[in-house]
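[1] give me coordinates for this.
(one chain, ligands or ions: 1)
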Amino acid sequence: MSSPPYLATRLRGFGPTVFAEMSALAEATGAINLGQGFPDEDGPVEVSEAAVAAIRAGVNQYPPGPGTADLRQAVAEHQQRFYNVSLDPEREVLVTAGATEAITAAVLALCEPGDEVLCFEPFYDSYSAAIALAGGVRRTVVLQPPDWSFDPDRLARAVTPRTRLLLFNSPHNPTGKVFSDDELAAIASVCIERDLLVVTDEVYEHLVFDGQHRPLSTLPGMAERTVTVSSAGKTFSFTGWKIGWATGPAELVAAVRTVKQFLTYVNGAPFQPAVAAGLRLPDSYFASAAWSLREKRDRLCAGLVAAGFVVHVPAATYFVMADTGRLGYLDGAALCRQMPLKCGVVGVPAAAFYSDPDAPTPLVRFAFCKRPEVLDEAARRLADLGSPSHP
Ligand SMILES: Cc1ncc(COP(=O)(O)O)c(C=O)c1O
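    So this is what the prediction gives:
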C-alpha cells in the first residue's frame, strides 16, 4: 500500500490542531480555558428559542442546498442594513456550514492546483489547510507588531503571475486588528491592478471596539471580484451551530456552491430560521454585544498587564495577543504546554498562526469571551507565572 495519505500530508501534521490540543489540556487539568475562542455564555434567548421552536415545528430534514430562502433574505437585509450592499438573495447568497466551510469551498472553487494564494501572516489556521487541500501555494505578508501594520510595497511584490487569490481577514484573528480605510485602499489597489480574486473572512464584523469595520467588497472595483464570508457563531455566541454564509457576485457564489454541495450538501436546518431571527435583531443588540465584550477586553488586558505581560490591545475580535518575553519566557508554545500545570490557565501559542509553527515567538493568544469572574480568576492565576515560586 502506498503511504502516507496524499492529501493529509499537505496539512500540518496528522494530529489535532493546537486549539484542540490546548482544549484537551484544559479539560485534563481543570485549567481555565482561554485558548480556543468560544464564549462561556449563550447568546440571545430569542435566537435560541427560535431554534427550539423550529425543532419542535419539525424543521429537521435537509434544508434547500443554498440555504433556506428566509435566511438568505435575512443575510441580504443584514448586508444592506450595515454596509449598504444590495444582494440578490437567490443568486448572491449561499448558506454554509460555518465560515470554515465557506472559506474552504471558496478556495477549492476558485483556485487551480499550483495557484498562489496570498494572505497576511499571522493567519487563522484553516487558511493554510484550505490552500493545501486545493493544491495551492501560500504566500504571506507579515503583519508587524505593535500595530500589526504591513508594507504596501511588500504586498505588491508578493504578487506573482501565479497569484490567483487574496484570502483576507478583517477584523483579524489572532491580532484583533481592524484594517484601516487607507490599508484597505492599498490592498484593493493591488487586487485590482493584478486582477486578483478575493475571499474576505469577516466573522468578527460585529465585535469591534475601536475603529469601524468596512467590508473590502465595498471599495470601488472590489465587489465584482470578492466573495465575502461571515457566520453566526461569533456575532450571536452560538459557535457550535456552524451557520455561515458567502456572498458576492452570482458567478463566484455559484462556484462556491458547486463545491459546498459535495462537502456537506446542507447543514443545520433548525438553526437557519434561528440565525435569520438573529440577523434581524435591532441595532441595539449588535452594539451591546460589542460593548460587553469591550469591557471584557479591558478587564483581561488590565489583568495581563498587572501579571507582567506586554499586551497588544486588540481593536476587535475576542482575542488578545500577549508577549511573555518580559516574564522571562521566550517560547510561547513551550510556555502554553506548561501553563495549565504551572498556573491553571490555557492560552494558544501565537506560533500556530504563522507559516513556521516551530519558530519560537513569545506571543500567546488569550480569549476574553468569558464571564468577568472567570477573567479575574485567570488574571490572578497568571500573576503567579512571574512569581519566584514558579520558575
Ligand atoms: C478568523 C476566523 N475565521 C473563521 C472562523 C470559523 O468560523 P465558523 O465557526 O463560523 O466556521 C473563526 C473561528 O474561530 C475565525 O477566527
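
[2] tell me which other helices or strands the strand or helix carrying residue 245 touches.
    According to DSSP states H and E, residue 245 maps onto strand 243-247. If you count contacts as 3 or more CB pairs under 8 Å, 6 or more residues apart in numbering; DSSP states H and E, strand 243-247 packs onto helix 69-83, strand 93-97, helix 98-110, strand 226-231, helix 232-236, helix 250-263, helix 271-279. Every residue, glycine included, has its C-beta placed from N, CA and C.

[3] show me what contacts the residue of the stretch 101-250 of the chain found nearest the ligand?
    Nearest to the ligand, among the residues of the stretch 101-250 of the chain, is residue 231, at 3.1 Å (CB to the nearest ligand atom). Counting by CB atoms under 8 Å, 6 or more residues apart in numbering, residue 231 makes contact with 96, 98, 99, 102, 203, 242, 243, 244, 245.

[4] which ones among those come in contact with the ligand?
    98, 99, 203, 242, 244 (CB under 6 Å from any ligand atom).

[5] how about the last one, nearest residue that isn't a chain neighbour?
    Right, the one you point to is residue 244. residue 231 (3.3 Å; CB to CB, 6 or more residues apart in numbering).

[6] any stretches of the stretch 1-150 of the chain with poor pLDDT?
    1-6, 9-10, 12-15 (pLDDT under 70).

[7] what segments of this structure are helices?
    6-9, 18-29, 45-56, 69-83, 98-110, 125-133, 152-158, 181-193, 232-236, 250-263, 271-279, 283-306, 332-343, 372-382 (DSSP state H).

[8] so can I have TSV of the ones you listed showing mean neighbour count?
    Conversion of those to TSV gives the following (neighbours: other CB atoms under 10 Å):
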stretch	mean neighbour count
helix 6-9	10
helix 18-29	17
helix 45-56	16
helix 69-83	19
helix 98-110	25
helix 125-133	21
helix 152-158	14
helix 181-193	17
helix 232-236	26
helix 250-263	18
helix 271-279	26
helix 283-306	17
helix 332-343	19
helix 372-382	19
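
[9] which bits of the protein sit near the ligand?
    37, 98-100, 124, 169, 173, 201, 203, 231, 233, 239, 242, 244.

[10] please redo it, this time with the cut-off set to 8 Å
    Contact residues, the chain versus the ligand (CB under 8 Å from any ligand atom): 36-37, 97-103, 124, 126, 169, 172-174, 201, 203-204, 229, 231-234, 239, 242-244, 317.

[11] show me how far stretch 82-97 is from its chain's centre.
    Taking CA atoms, centre = their mean, to the nearest Å, one finds stretch 82-97 lying 19 Å from the centre of the chain it belongs to.

[12] ditto for stretch 116-129
    11 Å.

[13] the chain should start at 146 in everything you say after this.
    Renumbered: residue one is now 146, and that last one reads stretch 261-274.

[14] end to end, how far does that stretch reach?
    14 Å (CA to CA, to the nearest Å).

[15] nearest to the ligand: which residue in the chain?
    residue 243 (2.6 Å).

[16] pretty sure that residue sits against residue 387.
    Yes - using CB atoms under 8 Å, residue 243 is in contact with residue 387, at 3.8 Å.

[17] now do the shared contacts for the two.
    Counting by CB under 8 Å, 6+ apart, the residues touching both residue 243 and residue 387 are 376, 378.

[18] residue 388: neighbouring residues, count only.
    Look at residue 388: counted by other CB atoms under 10 Å, it has 25 neighbours.

[19] contact partners for it?
    Per CB under 8 Å, 6+ apart, neighbours of residue 388: 216, 240-243, 376-378, 412-413, 416-417, 420.

[20] and for residue 249?
    Contacts of residue 249 (CB under 8 Å, 6+ apart): 271, 274, 275, 278, 408.

[21] same question, residue 457
    290, 291, 293, 320, 321, 465, 466, 467, 468.

[22] skip the chain neighbours and tell me the closest residue to the fifth one.
    Counting by CB to CB, 6+ apart, residue 321 lies nearest to residue 459, which is 2.1 Å off, once chain neighbours are set aside.

[23] my read: the one you found touches residue 465, true?
    Yes - counting by CB under 8 Å, residue 465 is a contact partner of residue 459 at 5.3 Å.

[24] what's the mean pLDDT across stretch 498-506?
    Taken as a whole, stretch 498-506 has an average pLDDT of 85.

[25] buried ones in that stretch?
    498, 499, 502, 506 (16 or more other CB atoms under 10 Å).

[26] who are the neighbours in contact with the closest residue to residue 242 other than its chain neighbours?
    Leaving aside its sequence neighbours, residue 242 sits nearest to residue 412 (CB to CB, 6+ apart; 4.1 Å). Residue 412 is in contact with 208, 240, 241, 242, 246, 387, 388, counting by CB under 8 Å, 6+ apart.

[27] which of these sit farthest apart?
    For those, the maximum inter-member distance is 14.3 Å, found between 208 and 246 (CB to CB).

[28] mind listing residues that contact stretch 167-180?
    161, 164, 181, 445, 481-482, 484-486, 489-493, 510-513, 515, 519, 522-523, 526.
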